[in-house]
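J.: Fold the following for me, if possible:
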Amino acid sequence: MAIADDADQTAAAPADATHDTAHQHGGADDDADQTAAAPADATDGTEHPRGVADDGNRASGSDKKWDERYAESMRRAGRDPAEVFTTLSDVEVPPLVGPHNYTADPERIGFPGQFPFTRGVYGSMYRGRPWTIRQFAGFGSVADTNQRYHDLLDAGQHGLSVAFDMPTLMGRDSDEPESLGEVGHCGVAVDTMDDMERLFDGIPLGEITTSMTINAPAVVIFAMYCVAAERQGFALAELGGTLQTDIYKEYIAQKEWLFPPEPHLRLIGDLMEFTTERMPRYHPLSISGYHIREAGSTAAQELAFTLAAGFSYVELGQSRGLDVDTFGPRLSFFFDSHIDFFEEIGKFRAGRRIWARWLRDRYGAKTDRAMLLRFHTQTAGVSLTAQQPDNNVVRTAIEALAAVLGGTQSLHTNALDEVLALPSDHAARVALRTQQVIAEETEVTNTIDPLGGSWFVEWMTDKVEADAEDYFARILDLSDDGTVTSGLLRGIETGWFMSEISDAAFRYQQQLEKGAKKIVGVNSHTDDADPELEILRISHEVERSQNERLRNYRARRSADAAAVALDELRAACTTDDNLIPVIMETVRADVTLGEICAAMKDVFGTYREAPAI
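T.: Prediction:
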């Protein structure tokens, strides 16, 4: 399933800049630096905020007449008035939310662009400029993918998002035995500097923001990207974009790592230092909940585990002596938008409020820009079905609308055939047009946070927030030293995160099998014949050609220079030196991705997770 990278917001903007969701010239709205007074219920970031909603079923003050009519109406419909209704995450929801059972706190709702940012990170939101349309793309050869990028940009896409194939994601060259049969199948193969330069041929990297969805070998791909931009004539300070780099979600959900956690965190710290010093427009981290949700988590688990990872990266930056008000604005996030419309909107709104409160109260952020939770969203790949695949267009549209009404900064919409293969040209175009219809025809961009103040939306926002705070408390209970980082590492070591997600996934599967939850075409309305889809198939010729190019690349480079560069890299890994400049010199010496990752494994070792029971 294609996975898009996170929103890339530029780090610096003039005080009067408007909301630039294209992220090419500025990032913050003119309201973004106006820090509002702390709400009365603010905590130190480790406790539940006071005043969150209860279960929505308080008896006192409720409208007894309506209660009686509700019960009578349910019975007439053949339903038990006491029947429990739940969200996709199995959260019980009341039949009605209103002043009889819920009291909204106006300060916690607030205004867009002002603390606690529940209603949006910018004062003008989509009135200033709509979200960035950023369709994730990468398949087959670099020539194939380069052509797709040009097509998407010509069709109105604002920026690029690179999907890499499995060998690249695992830090392996295409000709390694483990890569057999996988080259170019779930993304594009990038082994060498030549591949990186051909991938962006004709695309000015200093003018187009580029997200790259890669984690374990992210610093190597980043080094190649930087050198490719330099060879196009751009300075590093001109580059804008996002590198995912989030290693925590690999240990928690996706399972693509190279080393034990500590060396990966060292590399991420090096990347944060390097970009803070030299690349003010670049976002070195896109903290990802998408893969956690796709693994079967609930909405609250996705939010809590993702934000906890974000808190840990803040602790990492501060441990390097970086100012949270300097590097904080360049942390971005990546969330799933699933099919439960209101739960997802509540999740996005709760996330902004939690992040702002913790950054201010626990980590000492003083500027609004450091407190802003800016995020990219991708519609839920796991919600797509192979049965009746045309239904996937509807699912994606609903999920995309939830992301927009939840205030996303950029968005990828899945194609109807992605459950079967990488998107065909036609399916990719329909997915792109889905966003454009929402942006240009529905008029939902005219009013900021149009669902804000809805009793149920505010109740759901509070509920997701409270459930996430419960998880933060449990993570801190795992900590040996009071840091979120220690709790995360302990949870990974013991398999706690995997166990929590597995339990949630199992509960949902049981509900599907019992018919308590419905999927049209799978366990409901299954009588339609499935149409034959023409799907994109990757020829074995892609792998053969890629390996031939790789052999020729090695043959024409200086073997001595490559060997010296690898020796210098191994030596640097044993020191406390920042490794990013060293890796950039290594790729300039035409060392391949797999060779660089293997050299670092020589020093850092490898990792095998403990089984979770």
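
J.: helices or strands up against the host helix or strand of A350?
T.: Under the criterion of DSSP states H and E, A350 resides in helix 341-361. Contact here means 3 or more Cβ pairs under 8 Å, 6 or more residues apart in numbering; DSSP states H and E; on that basis helix 341-361 packs against helix 299-319, strand 331-337, helix 368-371, strand 375-379, helix 391-405, helix 455-478. Quick note: C-beta positions are derived from backbone N, CA and C, even for glycine.

J.: List every C-alpha atom in the fifth one, with coordinates, as CSV.
T.: Extracted C-alpha coordinates of helix 391-405, given in CSV (Å, rounded to 0.1, in the frame of the first residue of the first chain):
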residue,chain,number,x,y,z
ASN,A,391,-16.5,1.6,-3.7
ASN,A,392,-13.0,2.7,-2.7
VAL,A,393,-13.6,6.0,-4.5
VAL,A,394,-16.4,6.7,-2.1
ARG,A,395,-14.4,5.6,1.0
THR,A,396,-11.5,7.8,-0.1
ALA,A,397,-13.6,10.8,-0.7
ILE,A,398,-15.2,10.6,2.8
GLU,A,399,-11.8,10.1,4.5
ALA,A,400,-10.4,13.0,2.6
LEU,A,401,-13.2,15.2,3.6
ALA,A,402,-12.6,14.2,7.3
ALA,A,403,-9.0,15.2,6.9
VAL,A,404,-9.9,18.6,5.4
LEU,A,405,-12.6,19.3,8.1
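
J.: Can you give me the buried ones in that helix?
T.: Under the neighbour-count criterion of 16 or more other Cβ atoms under 10 Å, helix 391-405 has 391-393, 395-405 buried.

J.: Spell out, range by range, the strands that occur in the stretch 401-550 of the chain.
T.: Residue ranges of the strands in the stretch 401-550 of the chain, as given by DSSP state E, counting those that start in this stretch, are 410-412.

J.: Check T35 and give its pLDDT.
T.: According to the prediction, T35 has pLDDT 33.

J.: can I assume D530 is in contact with Q388?
T.: Yes - with contacts counted by Cβ atoms under 8 Å, D530 reaches Q388, the gap being 6.0 Å.

J.: which of these two has more neighbours?
T.: Between D530 and Q388, counting by other Cβ atoms under 10 Å, Q388 is the more crowded of the two (18 against 12).

J.: For V484, see how far away the more buried one is.
T.: Distance, Q388 to V484, using Cβ to Cβ, to the nearest Å: 43 Å.

J.: How about T445?
T.: Note on T445: its distance to V484, by Cβ to Cβ, is 36 Å.

J.: Mind checking which of the two has more residues around it?
T.: A direct count of neighbours by other Cβ under 10 Å for T445 and V484 places V484 higher, at 26 against 18.

J.: lowest-pLDDT helix or strand in this structure?
T.: strand 136-137 (a mean of 72; mean pLDDT, DSSP states H and E).

J.: Paired strands for that one, with orientation please.
T.: In the sheet, strand 136-137 lines up against strand 160-163 (parallel) (DSSP bridges).

J.: Run through who's touching the strand it pairs with.
T.: Contacts to strand 160-163, defined as Cβ atoms under 8 Å, 6 or more residues apart in numbering, come from residues 2-5, 134-139, 145, 149, 152-153, 186-188, 199, 203, 208-214, 412.

J.: out of those residues, which are buried?
T.: 2-5, 134-139, 145, 149, 152, 186-188, 199, 208-214, 412.

J.: quick one, strands of the stretch 151-300 of the chain?
T.: Using DSSP E, counting those that start in this stretch, the strands of the stretch 151-300 of the chain run over 160-163, 210-213, 241-243, 282-283, 285-288.

J.: Of all the ones you listed, which one comes closest to A468?
T.: Among the strands of the stretch 151-300 of the chain, the nearest to A468 by Cβ to Cβ is strand 285-288 (14.1 Å).

J.: what mean pLDDT does the closest one have?
T.: On average, strand 285-288 scores 96.

J.: ok, now stretch 292-299?
T.: Averaging pLDDT along stretch 292-299 yields 98.

J.: next one: stretch 390-409
T.: Stretch 390-409 comes out at a mean pLDDT of 97.

J.: follow-up on the earlier one: redo the strands of the stretch 151-300 of the chain as TSV? Include distance to V314.
T.: Shown next, in TSV, are those (distance: least, Cβ to Cβ, whole Å):
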stretch	distance to V314
strand 160-163	25
strand 210-213	21
strand 241-243	17
strand 282-283	14
strand 285-288	10
